[in-house]
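A.B. asks: Structure for the following, please:
(one chain, ligands or ions: 3)
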Amino acid sequence: MKKIISVALALKREISKNNIFSYSVPDEIFVDENDVGKLVKVPFTSRILLGVIIKVFDEEQYLQLLKNKNHNLVEIEKLRDILHIFHNLPKLDQHFFDLAKFAADYYHQPFGDALEMSLPPIYRTANFDENKEIKIKIKIKNKYLTKNLAKNLQNQNKPKIILNDEQQIAVDKILASFDINEKAAKNFLLFGITGSGKTEIYLHLIDFVINKLQKQVLLLVPEINLTPQLENQIFQRFFDNENNENNANNKNANENFAVLHSDLTAKQRDFYWRLAASGKAKIILGTRLAIFTPLPNLGCIIVDEEHDLSFRQRDNFRYSARDLAVFRANNLQIPIVLGSASPSLESWYNATISKRYQLLTLSKRANFQAILPKIKIVDFKYQHQHQNQNENSAEIKNFISPQILEKIHQRLANKQQSLIFLNRRGYATSLFCANCGWHSTCNHCDSNTVVHLQQFQLRCHHCGFVQKLPTACPKCGEQNIFNAGLGTQKLEELIKIEFPTANIFRIDTDSVKNRQQWLEVLEKIHNSNADILIGTQMLAKGHDFPNLTLVAVLGADFGLFASDPRAEERIFAQLLQISGRAGRADKSGEVLIQTRFKNHHLFLQLLEHNYVKFADNQLRIRQKTNFPPYCYQALLRADAKNMAVATNFLADATQFLEIKQNAKIYENLLIYDPVPLNMAKLADVNRAQLLIETQNRQLLHKFINNLIPYLEYLASQYKASQKLSWFIEIDPPEL
Ligand code: ADP
Ligand code: ZN
Ligand code: ZN
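C.D. replies: Ligands and ions are numbered 1, 2, ... in the order given. Reported below is the predicted structural model:
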């Protein structure tokens, strides 16, 4: 009997929010009810698209539905045939559909977009052949790590670790929650100071899930490229032949461990996706996009560094992988562990106030020889005004306090490592004219251009605009133009002059462009006994340098008085993390933070390593000011060629609320005035936003559902030349 199928097309917002279409199945293709969830290729207008089977009907069932007429179904004769069904690719299960549906609804995106984003792009290519078995010989062991580096990383991990009391309690509580009859919440916030052994807890958990339960674990991390250590640890623990001769996972290491992130080739992504989606892979380590992987046998989710903004996708489909992970775990009723040394205030609220999460605390460093570094605040105002370009390069004292320099000298003498943290790459933050006050700005953005001396260029770090470095002021012709503000390149230059015998490494996205280079640099650092590391936040992320005993933080004041209420939370987390790099092994560490505002409460709480005090205090402020997590927000953004167009569009959008408010439905919804973004112009586009706020989450979503068609209508009234575009972001992480 002829079969008719409903297919959800995996395509970006193009036709309509409803992307489900009916197709007929030609005689030569076999399809039955068991094929729901399989991928198909179908014709759509003049294109060929990828889709997923949602339902399978017999001809009679379909005719019956047609008769009912309340469905928008096409008559059988008009249906087009599907072209192919991918019988040999894993099929998507109901749990995956739940997730995609939830994500689409919650973030107000089309369901088709969620599908499109979830599937390996290679499946959409015309000549993709699922049966041409992809043979990727991926050697997991030392896959990217050279022998030497692997050994270095290994040495830092003593083979047999006995959990300390706090770790044991945490593990016990989480393991207890695997019991199906356990009614207690299965959401955990693992709050552990840097070096407290959170990773060890993850490994215990993974062991339990893959070996005892025979289920899959999803481990989400912010950045795989910067943390090869974790990948290596997992490999050693579960798949290394030498260490675990009896481990059944050994033989199939290639198939038991899937790594999913955006840096994979199309073939690798296909390979790992199939391993994960078929249930073969037991451990799935991935960045945010991995949350959308179908995992038929998922037993537990772990989100490391849960506060990290990398879990947010900030374009196209705007979502939070951490929040979706919580949904996913709750939907399956499996445990989820969110780990951090500086949890997001949302998670802290959930753990301490709403009690949606159980709080597990690790308050001590795990390695008993390692104690938390002493943090000191160094009062220093750096002087960058009006010097001659040639003179100022020799003046390290203008930028770094003598106290810090002295400490670095001491470390050098003792053959210990120092790290200087400066979160500004480039040479100088801009070029200034001593005569007329001109400074270098981007032609396309409301931003400075940054001096890159080696290339003799001015560069915009926002849009990529590049100019030749002028030798005189373009405005008045003055030759005395100088570099203002310190970037990592200039810092490196100054440090080399100050410490001529030291072995110095600079690590930022200009010097280390990809994973390969990062691994090479790491190896060099380990092999050559680096003395001084200079770097941006690349250095803050979870890498262990056992010989590192001094961390100096420059530019801690950047953003301290920003208008975004979350700025302090970010700075605190970052400073805590970078401080945590010091003294992780047996040598005690010291952290010096250079600031002009030594009495700022943020620094005072940092001195005590007191995240709890800081977070509780921030939550009180947020309650008073009625800011998330004490309310729900959505952001409406409009971009246009001219600012007036963008703000007018937003102002018009508020009309919708006013009309509705007369009906009192949206009384409890607060809509702010449209405002230009702090950096309004980016790459010749002017940007404005307005904030929508309420105590009632359902009301917010209802409002947005109604607002979207209105915005679509409004936007259609603008000419293409005005380049108007808009989007809505739910739970915006930045304002
Ligand atoms: P975190 O992820 O919390 O920053 P890690 O898990 O990286 O901390 O642990 C820091 C160091 O302490 C690692 O070198 C780890 O091997 C070690 N470690 C963890 N747990 C223990 C333990 N129970 N006993 C001894 N050392 C431990
Ligand atoms: Zn000038
Ligand atoms: Zn620019």
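A.B. asks: Using the three-state scheme, assign Leu606.
C.D. replies: Following DSSP: H, G, I helix; E, B strand; the rest coil, the label given to Leu606 is helix.
A.B. asks: Look up how far Asn706 lies from it.
C.D. replies: 45 Å (C-beta to C-beta, to the nearest Å). Every C-beta, even on glycine, is put in place using the N, C-alpha and C of the backbone.
A.B. asks: which of the two has more neighbours?
C.D. replies: Higher neighbour count among Leu606 and Asn706: Leu606, with 23 against 14, using other C-beta atoms under 10 Å.
A.B. asks: After the worst-scoring helix or strand of the chain on mean pLDDT, heading C-terminal, what element do we hit next?
C.D. replies: Lowest by mean pLDDT, DSSP states H and E among the helices and strands of the chain is helix 389-392, with a mean of 47. Following helix 389-392 in sequence order, the next helix or strand is helix 402-413 (DSSP states H and E).
A.B. asks: Buried residues in that following helix, which are they?
C.D. replies: Ile404, Leu405, Lys407, Ile408, Arg411, Leu412 (16 or more other C-beta atoms under 10 Å).
A.B. asks: try stretch 626-643
C.D. replies: Going by 16+ other C-beta under 10 Å, stretch 626-643 has these buried residues: 627-629, 631-640, 643.
A.B. asks: Please list all residues in contact with Leu289.
C.D. replies: Contact analysis of Leu289 by C-beta atoms under 8 Å, 6 or more residues apart in numbering lists Met117, Leu260, His261, Ser262, Gln313, Ala321.
A.B. asks: hang on, Leu89 in a helix?
C.D. replies: No - Leu89 is assigned coil when assessed by three-state DSSP, not a helix.
A.B. asks: CA-only coordinates of the strand or helix carrying Gln574 in PDB, if you can.
C.D. replies: Using DSSP H and E, Gln574 sits in helix 567-579. The C-alpha coordinates for helix 567-579 follow below in PDB (Å, rounded to 0.1, in the frame of the first residue of the first chain):
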ATOM      1  CA  ALA A 567      30.000  43.600  34.200                       C
ATOM      2  CA  GLU A 568      31.200  43.100  37.700                       C
ATOM      3  CA  GLU A 569      30.100  39.400  37.700                       C
ATOM      4  CA  ARG A 570      32.200  38.900  34.600                       C
ATOM      5  CA  ILE A 571      35.300  40.700  36.000                       C
ATOM      6  CA  PHE A 572      35.100  38.800  39.200                       C
ATOM      7  CA  ALA A 573      34.800  35.400  37.500                       C
ATOM      8  CA  GLN A 574      37.700  36.300  35.200                       C
ATOM      9  CA  LEU A 575      40.000  37.500  38.000                       C
ATOM     10  CA  LEU A 576      39.200  34.500  40.100                       C
ATOM     11  CA  GLN A 577      40.000  32.200  37.200                       C
ATOM     12  CA  ILE A 578      43.200  33.900  36.300                       C
ATOM     13  CA  SER A 579      44.200  34.000  40.000                       C
END
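A.B. asks: following that helix, which helix or strand comes up?
C.D. replies: Next along from helix 567-579, by DSSP H and E: strand 590-595.
A.B. asks: starting at the chain centroid, how far to that next one?
C.D. replies: The gap between where strand 590-595 is centred and where its chain is centred comes out at 27 Å by C-alpha atoms, centre = their mean, to the nearest Å.
A.B. asks: Just want the angle from that strand to helix 567-579.
C.D. replies: For strand 590-595 against helix 567-579, the angle by axes from the mean of the first three to the mean of the last three C-alpha atoms, to 10 degrees is 150 degrees.
A.B. asks: so for strand 590-595, what's the average pLDDT?
C.D. replies: For strand 590-595, mean pLDDT rounds to 94.
A.B. asks: Can you tell me the element the closest residue to Val450 other than its chain neighbours falls in?
C.D. replies: Nearest residue to Val450, sequence neighbours excluded (C-beta to C-beta, 6 or more residues apart in numbering): Gly426, at 3.7 Å. When elements are assigned from DSSP H and E, Gly426 belongs to no helix and no strand.
A.B. asks: how close does Gly426 sit to Gln455?
C.D. replies: Distance from Gly426 to Gln455, by C-beta to C-beta: 10 Å.
A.B. asks: Kindly report the same for Tyr630.
C.D. replies: For Tyr630, the distance to Gln455 - C-beta to C-beta - is 48 Å.
A.B. asks: which regions of the chain sit below the pLDDT cut-off?
C.D. replies: Counting by pLDDT under 70, the chain shows low-confidence ranges at 13-18, 70-71, 133-159, 182-184, 241-254, 382-394, 542, 661-662.
A.B. asks: Close to ligand 1: what parts of it are there?
C.D. replies: Taking C-beta under 6 Å from any ligand atom as the criterion, the neighbours of ligand 1 within the chain are 156-157, 161-164, 167, 192, 194-200, 366-367.
A.B. asks: among the residues you listed, which are in helices?
C.D. replies: Counting by DSSP state H, the part of these found in helices is Gln167, Lys198, Thr199, Glu200.
A.B. asks: how about the third one, what does it touch?
C.D. replies: Listed by C-beta under 8 Å, 6+ apart, the contact partners of Thr199 are Leu230, Gln233, Asp304.
A.B. asks: Would you mind putting the CA coordinates of the helix or strand where the second one lies into PDB?
C.D. replies: According to DSSP H and E, Gln233 maps onto helix 228-239. The C-alpha trace of helix 228-239 is given here as PDB (Å, rounded to 0.1, in the frame of the first residue of the first chain):
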ATOM      1  CA  PRO A 228      43.500  19.700  25.400                       C
ATOM      2  CA  GLN A 229      44.300  18.600  29.000                       C
ATOM      3  CA  LEU A 230      40.700  17.400  29.700                       C
ATOM      4  CA  GLU A 231      40.600  15.400  26.500                       C
ATOM      5  CA  ASN A 232      43.800  13.800  27.400                       C
ATOM      6  CA  GLN A 233      42.700  13.000  30.900                       C
ATOM      7  CA  ILE A 234      39.600  11.300  29.600                       C
ATOM      8  CA  PHE A 235      41.600   9.300  27.200                       C
ATOM      9  CA  GLN A 236      44.100   8.200  29.800                       C
ATOM     10  CA  ARG A 237      41.400   7.300  32.300                       C
ATOM     11  CA  PHE A 238      39.100   5.300  30.000                       C
ATOM     12  CA  PHE A 239      40.900   4.300  26.900                       C
END
